[in-house]
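**Student:** need a structure here:
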Amino acid sequence: MASDAVAASPAAHETAAAEVASRVLGTTVRRAGRPEVTTLVHADGRQSAFDAAAVGERADLSLAHLRRQPEIQWPAPARWWWQVSINDVRRMPRVREVFPVAARACEANGVRRPGQLPGMVTITVPDLHWLVHNRPASLVGDPVVLDRPTTVTLGRGRPADRGMTSVGPALDGWLADEAAARALGRLGRRRTEERHLYLTISCTADAADAFEALVRASGVPPAAPPDRTGVSHLWLAPVLGPAVFLWSRRDGWSRHEPYA
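**Tutor:** Numbering: from 1, shown residues only. Sure thing, here's the model as predicted:
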């Protein structure tokens, strides 16, 4: 997995996103020009402009927006290798915040799980008490494997919004994000018939239900994105879970699982 410095690179994000899109569409990826732009080249010779943006909690996106695999990674908070399984997707930002505290407490006490910590420790630290008693995620540390980034996966659960109705209203906020607006501006200057915008999305408090729906729901969003975007294709890629979603003017929404 790339370092934080590399992960912050817009070019690195765009390249990773284009690779995922090409798996779905069967295209090849070409980067050329000054400044460099990304183009998807189809088997029949058609060329599609492609741009990407990461929206949501920046801490979650620092490594996840380079995602090419089912799991994502967080920086190691101490020495052990930790595996985090997210059960309550809507609480992912708080789990991300509390996790370093829990991991360091476990390593200091020589236990592999927060639930094994002494009662006095969890009672006196509110974040640990919340993590142990609400169980929004399962944390397991491996004291044998050291200095390895934390592996984050999706745990068991069911979406509250199975119909994905929350995704439509959330789209307005995601598209209004500064990074998304810049990507739309760049796409607007491309002289191609097809323009693809790929949004990598993390969880935020104001769109937690929509994020969970993208991560867990088995269907597709019920409504088309706003007409004002000017794009022919819109991708929604949550930082967790197996799926990405593609909307096109011709075919509407479709769901894909491109991660190897």
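**Student:** Not counting its neighbours along the chain, what's nearest Gly168?
**Tutor:** Nearest non-adjacent residue to Gly168, counting by C-beta to C-beta, 6 or more residues apart in numbering: Ala223, 4.2 Å away. Where you see a C-beta, it was placed from the backbone N, CA and C, and this is true even at glycine.
**Student:** ok, now Pro242?
**Tutor:** Beyond its immediate neighbours in the sequence, the residue positioned closest to Pro242 (C-beta to C-beta, 6+ apart) is Glu257, lying 4.6 Å away.
**Student:** is it true that that neighbour touches Leu246?
**Tutor:** No - the pair Glu257 and Leu246 fails to qualify as a contact (C-beta atoms under 8 Å) at a distance of 11.8 Å.
**Student:** Of these two, give the one with the bigger neighbour count.
**Tutor:** Set Glu257 next to Leu246 and count neighbours by other C-beta atoms under 10 Å: Leu246 wins out with 22 against 11.
**Student:** can you tell me the average pLDDT over the helix or strand where that one lies?
**Tutor:** Taking DSSP states H and E as the criterion, Leu246 maps to strand 244-248. Here strand 244-248 scores 97 as its mean pLDDT.
**Student:** so how far is Ala108 from Phe211?
**Tutor:** Distance from Phe211 to Ala108, counting by C-beta to C-beta, to the nearest Å: 33 Å.
**Student:** ok, the two, which is more surrounded?
**Tutor:** Remark: of Phe211 and Ala108, Phe211 carries more neighbours, 28 against 11, as counted by other C-beta under 10 Å.
**Student:** and Met92, what is it in contact with?
**Tutor:** Met92 sits next to 60, 86, 202-203, 211, 240 when contact means C-beta atoms under 8 Å, 6 or more residues apart in numbering.
**Student:** Many thanks, we can stop here.
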